[in-house]
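*Asks:* Structure for this input, please:
(one chain, ligands or ions: 1)
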Amino acid sequence: MSLAGRDLVTISDLSNEEMEGIFGLADEMARHARGIVGLGAGKVMATLFYEASTRTRLSFESAMQRLGGGVITCADMGTTSVAKGETLADTVRVVESYADILVMRSPQEGAARVAADYARVPVINAGDGAHEHPTQTLLDLYTIRRESGRLQGCWVALVGDLKYGRTTHSLAVALARFGGSMVCVAPPGLEMPAEVLAAVEAHTGSRPRQYRNLEELTGDLDLLKAHSPQASQPKLAFGPMSLFDAIYVTRVQRERFTDPAQYEKAKGAYRITADLLANARSDTLVMHPLPRVDELDYGLDEDLRAAYFRQASYGIPVRMALLAALLGRAEVALGAGSRPPTAPRPVPGNGLACSNPRCVLRSEWYLSPRFELVGDEPVRCAYCQRLAEVPV
Ligand code: NCD
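*Replies:* Presented below is the predicted three-dimensional model:
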């Protein structure tokens with residue numbers, strides 16, 4: 001099946017089967033990562049990064065070069081016409097004539113949606129504010145699938161700044177769709193947003209358990225009893241940490257705080273240490289999208305369960321596979337009975353509002369509010385996907 005010409009703005013733009021197809025292609029890329037020079041030949045990828053990045057940008061650029069394609073980029077978007085007041089819509093309408101695919105990162109939530117609406121070439125969201133980071137989720141799922149052997153039935157503890165940590169938003173929804181389960185551990189004020197919990201619930205039928213700190217999680221013996229009825233006593237003795245296939249940690253996203261005092265309160269609130277892992281299984285993965293600040297003890301790095309650097313390295317085969325697929329240079333194999341992703345349905349916006357101060361609607365003046373819903377989920381802003389509100 002060809003994914004040629006498609007955008008990847010949110011993780012909902014890909015069906016489970018399409019993701020599996022990309023993972024299969026990534027397996028092939030991983031076997032020949034240094035040798036598949038033909039697939040990208042004659043194609044150019046533009047990276048438009050309005051926010052800091054190391055891994056995402058370099059791995060996209062490396063992936064495109066390893067496919068034999070070309071890369072154009074701006075070292076600093078502050079030096080582009082944006083500084084002269086150019087709109088996002090105009091920027092992408094120009095860059096699309098220089099490149100065959102755009103990879104974009106922005107602090108504005110919904111910016112990638114706008115770019116995809118205006119560009120005629122595929123747009124990949126490399127992170128839009130605190131909204132989503134779907135390609136990180138592809139490599140996160142690839143890591144779990146490759147190292148734990150399964151997505152269906154896997155258990156993940158999401159730990160950290162779940163409010164602003166965009167990677168956890170895309171990941172939570174994807175895990176739910178693949179039949180995985182999760183718990184959320186976040187300091188007060190940094191809990192998982194309502195729209196993500198609603199999307200998880202729409203797929204699993206229940207909301208994940210929430211904890212304010214790691215101590216609360218490790219003390220919740222009911223969790224293990226409720227979810228592993230056949231658990232033997234020795235396993236119970238290890239406590240709830242023995243439930244998890246992966247502990248997925250994020251840093252406190254300092255740059256998103258408007259109140260520095262709130263950041264000061266949240267920083268250092270959680271830390272994964274060897275002591276915590278002493279109660280985890282020998283095959284539990286410790287994952288992190290990186291960069292880390294102080295939430296992963298350096299003492300863990302030699303532990304084979306510390307998967308974060310391997311996880312980052314999978315960004316190459318996964319992004320090679322994605323680029324080759326969206327450029328129409330590789331087909332993804334889909335199983336029988338596979339369905340396309342569920343398309344959102346537009347909803348009349350009368351009387352609705354998006355209250356998100358970081359929504360792209362606030363900065364790109366030519367946009368009009370748009371609302372949509374997917375399946376049984378509540379009505380959301382079509383850009384930043386924050387739940388719609390009825391202003392009083
Ligand atoms: C993440 C991001 O940018 O959202 N990094 C990444 O892409 N690997 C996580 C983070 O910045 O904390």
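*Asks:* Sketch out the strands for this protein, chain order is fine.
*Replies:* Assigned by DSSP state E, the chain shows strands spanning 44-49, 70-73, 101-106, 123-128, 155-159, 181-185, 209-211, 246-249, 285-287, 345-347, 371-373, 380-381.
*Asks:* is it possible to export these to TSV including mean neighbour count and mean pLDDT?
*Replies:* For glycine as for every other residue, the C-beta is placed from the backbone atoms N, C-alpha and C. Converted to TSV, those look like this (neighbours: other CB atoms under 10 Å; pLDDT from 0 to 100):
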stretch	mean neighbour count	mean pLDDT
strand 44-49	22	97
strand 70-73	15	96
strand 101-106	26	97
strand 123-128	28	98
strand 155-159	26	98
strand 181-185	22	98
strand 209-211	19	97
strand 246-249	27	98
strand 285-287	26	98
strand 345-347	12	94
strand 371-373	18	95
strand 380-381	25	96
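*Asks:* Which of those strands sits closest to the ligand?
*Replies:* Across these, the ligand has its closest neighbour in strand 123-128 (4.7 Å, CB to the nearest ligand atom).
*Asks:* Quickly check: the closest one near the ligand or not.
*Replies:* Yes - counting by CB under 6 Å from any ligand atom, the ligand is contacted by strand 123-128 at Gly127.
*Asks:* before we move on, what about stretch 172-186?
*Replies:* No - under the criterion of CB under 6 Å from any ligand atom, stretch 172-186 makes no contact with the ligand; the nearest approach is 14.0 Å.
*Asks:* quick one: that stretch to chain centroid distance?
*Replies:* 12 Å (CA atoms, centre = their mean, to the nearest Å).
*Asks:* pLDDT score for Gly165?
*Replies:* Per-residue pLDDT puts Gly165 at 98.
*Asks:* right, and it touches Arg254 too?
*Replies:* No - using CB atoms under 8 Å, Gly165 makes no contact with Arg254, being 11.6 Å away.
*Asks:* Ile72: what's it in contact with?
*Replies:* Contacts for Ile72 (CB atoms under 8 Å, 6 or more residues apart in numbering) come out as 44-47, 98-99.
*Asks:* ok, the residues you listed vs Leu190, which is closest?
*Replies:* Thr47 (29.3 Å; CB to CB).
*Asks:* Pairing partners for the closest one in the sheet, please.
*Replies:* Thr73, Val103 (DSSP bridges).
*Asks:* can you check Val159 too?
*Replies:* Val185, Val249.
*Asks:* from what I can see it touches Val252, true?
*Replies:* No - under the criterion of CB under 8 Å, Val159 is not in contact with Val252, lying 11.3 Å apart.
*Asks:* okay, and the common contacts of the two?
*Replies:* Glu295.
*Asks:* and Val360, how many neighbours?
*Replies:* Val360: 26 surrounding residues under other CB atoms under 10 Å.
*Asks:* Does it touch Leu367 like I think?
*Replies:* Yes - the pair Val360 / Leu367 is scored as a contact, 6.9 Å apart, by CB under 8 Å.
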